[in-house]
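A.B. asks: coordinates only, no sequence provided:
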């Protein structure tokens, strides 16, 4: 199974909690949940060329990447090199070419002006130069060995991408962010590979440029031993009372409101999130919620309808002109909701007249962009608890009752993969749309 594929789905067991003992997990063997085993995928070959009206392209760039299809952009994961082959056809020789250079760039773009672009990554890779004293990429072609290119010249090269970079004069290291672009946002993160052919005066230079996608391989720390054991045995995840080290219980908040009979109703909310507070996209955020009130009717109204509103909120923040003094440039934020928790009654903790215990999870989309920070640009996430969406209980509070920062990453932690436990009756996602890749 691919390192970024979604978690397998298991039907929630109603046979009660498993009995856990000891501090060590039994030996773990990952199961292949697919019907057919998946063989390692060969790199996808992307081809880009220049013909300039000729019958045969005179410059061809072939790039091998981890993309699924030649129709998509080249994609590179952290620790992968950009492996490519360049073919230049100069049948009768081309004395105007002075140098051939490959260049990789990474940029944060927040507007159309030049001062609204920050280049955080620049890598130059020399391929050929007229001067024999200039570094060259080795070539098996005889026509690429001299001070003038002739015939069919071929070079194969490999450019490693760094894990972190420093921007400007600062010594602060930033991890390379994932490629990011959305239609309704001015800010974007873009990478491109360029082959530049420099020519003598009075002759126009030539170049091939292709954007590419970059995916960081950050991953969370392993979850608690008890949760790993539950995933391994396809059993329900132990809650905060059974596995206190595996949960982060947030500060209790109170939702105040009035019923339709104008009676005051206070509901105390204790929300817990699975630790560590770092989750892999395509998986889930396990949640636990305890609601307490001296008004049983208010609890009944809340738990009888889909009004418990816990979800994932993303904020993209940036300054529009990072080159200008910060006092003169306003910081901009764009907020968007991604996923709402689904809830079901707890199978391990029984409620009573004044308390209700719910288990839940937030399904994370496969294409969520990971948490990132690059100079003046950031993508951050938080789990938010909003006021209850029910007409029979008018809330006197602001919309957000509670907010907790979390991190979203692209790779899985070591050990068993998270399991989606939401029963089909509560799960808003169609299983027919799930795809393993």
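C.D. replies: Now that the structure is in, tell me what you want to look at. From a predicted model like this one, the values you see are computed outputs, not experimental measurements. Numbering: from 1, shown residues only.
A.B. asks: and residue 66, its phi and psi?
C.D. replies: phi -90, psi 10 (degrees, to the nearest 10).
A.B. asks: check contacts around the residue nearest to it when sequence neighbours are not counted.
C.D. replies: Of all residues not flanking residue 66 in the chain, residue 75 sits nearest, at 5.0 Å (CB to CB, 6 or more residues apart in numbering). (Glycine included, C-beta is placed from N, CA and C.) For residue 75, the contacting residues are 65, 66, 67, 212, 213, 214, 215, by CB atoms under 8 Å, 6 or more residues apart in numbering.
A.B. asks: can you list which of those are found in strands?
C.D. replies: 65, 212, 213, 214, 215 (DSSP state E).
A.B. asks: want to throw these into CSV with distance to residue 422 and pLDDT?
C.D. replies: Output for those, formatted as CSV (distance: CB to CB, whole Å; pLDDT from 0 to 100):
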residue, distance to residue 422, pLDDT
65, 35, 97
212, 36, 98
213, 31, 97
214, 32, 97
215, 27, 96
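A.B. asks: can I assume residue 172 is in contact with residue 164?
C.D. replies: No. Using CB atoms under 8 Å, residue 172 makes no contact with residue 164, being 9.5 Å away.
A.B. asks: thinking again about what came up before, residue 53: which of the ones in strands among the contacts of residue 75 is nearest?
C.D. replies: Closest approach between the ones in strands among the contacts of residue 75 and residue 53, by CB to CB: residue 212, at 27.4 Å.
A.B. asks: the nearest residue to that closest one once chain neighbours are set aside and residue 404, how far apart?
C.D. replies: Leaving out its chain neighbours, the residue that sits closest to residue 212 by CB to CB, 6+ apart is residue 74, at 4.2 Å. Residue 74 sits at a distance of 37 Å from residue 404 (criterion: CB to CB, to the nearest Å).
A.B. asks: now do residue 100
C.D. replies: In terms of CB to CB, residue 100 sits 52 Å off from residue 404.
A.B. asks: repeat for residue 263
C.D. replies: Distance from residue 263 to residue 404, by CB to CB: 31 Å.
A.B. asks: hang on, the earlier thing: filter the contacts of residue 75 to the buried ones?
C.D. replies: 65, 67, 212, 213, 214, 215 (16 or more other CB atoms under 10 Å).
A.B. asks: what is the burial count for residue 76?
C.D. replies: Residue 76 has 24 neighbouring residues, counting by other CB atoms under 10 Å.
A.B. asks: partner strands of the helix or strand that contains it and their direction?
C.D. replies: For residue 76, the element it lies in under DSSP states H and E is strand 75-77. Counting by DSSP bridges, the strands paired with strand 75-77 are strand 206-215 (parallel).
A.B. asks: can you list the residues that contact the partner strand?
C.D. replies: Contacts for strand 206-215 (CB under 8 Å, 6+ apart): 4, 46, 48-50, 52, 59, 61, 63, 65, 67, 73-78, 82, 106, 161, 176-179, 190-197, 199, 410.
A.B. asks: how far off centre is that strand?
C.D. replies: 20 Å (CA atoms, centre = their mean, to the nearest Å).
A.B. asks: just to revisit the earlier point, and which of the ones in strands among the contacts of residue 75 is nearest residue 155?
C.D. replies: Nearest member of the ones in strands among the contacts of residue 75 to residue 155, counting by CB to CB, is residue 65, at 18.0 Å.
A.B. asks: low-confidence bits of the stretch 201-350 of the chain, can you list those?
C.D. replies: Applying pLDDT under 70 to the stretch 201-350 of the chain flags residues 257-262, 305, 321-329.
A.B. asks: one step back: export the contacts of residue 75 to JSON lines and tack on distance to residue 252?
C.D. replies: Shown next, in JSON lines, are the contacts of residue 75 (distance: CB to CB, whole Å):
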{"residue": "65", "distance to residue 252": "49"}
{"residue": "66", "distance to residue 252": "45"}
{"residue": "67", "distance to residue 252": "47"}
{"residue": "212", "distance to residue 252": "47"}
{"residue": "213", "distance to residue 252": "43"}
{"residue": "214", "distance to residue 252": "41"}
{"residue": "215", "distance to residue 252": "38"}
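A.B. asks: residues in contact with the residue nearest to residue 212?
C.D. replies: Counting by CB under 8 Å, 6+ apart, residue 74 has contacts 44, 46, 63, 65, 67, 82, 193, 210, 212, 213.
A.B. asks: just after the strand holding residue 76, pick out the following helix or strand.
C.D. replies: strand 81-94.
A.B. asks: let me know the angle separating the helix or strand following that following strand from strand 206-215.
C.D. replies: Counting by DSSP H and E, the next helix or strand C-terminal to strand 81-94 is strand 97-109. Angle of strand 97-109 versus strand 206-215, following axes from the mean of the first three to the mean of the last three CA atoms, to 10 degrees, is 40 degrees.
A.B. asks: can you mark which positions in strand 97-109 are buried?
C.D. replies: 97-109.
A.B. asks: apart from its chain neighbours, what residue comes closest to residue 101?
C.D. replies: Nearest to residue 101 is residue 196, by CB to CB, 6+ apart, at 4.9 Å.
A.B. asks: how about residue 132: what's its closest non-neighbour residue?
C.D. replies: residue 147 (6.5 Å).
A.B. asks: got a list of contacts for the helix or strand where residue 335 lies?
C.D. replies: Per DSSP H and E: residue 335 is located in strand 331-340. For strand 331-340, the external contacting residues (CB under 8 Å, 6+ apart) are 184-187, 309-320, 362-365, 368, 381, 428.
A.B. asks: sorry, back to before: against residue 50, how distant is the residue nearest to residue 101?
C.D. replies: Computed as CB to CB, the residue 196 to residue 50 distance reads 12 Å.
A.B. asks: check residue 414 too.
C.D. replies: Taking CB to CB, one finds residue 414 at 46 Å from residue 50.
A.B. asks: neighbour count winner among these two?
C.D. replies: residue 50 (16 against 10).
A.B. asks: for the more buried one, which non-adjacent residue is spatially closest?
C.D. replies: In space, residue 50 is closest to residue 59, 4.3 Å off (CB to CB, 6+ apart).
A.B. asks: count of neighbours near that neighbour?
C.D. replies: The burial count for residue 59: 20, using other CB under 10 Å.
A.B. asks: could you do residue 225 as well?
C.D. replies: Residue 225, neighbours per other CB under 10 Å, totals 17.
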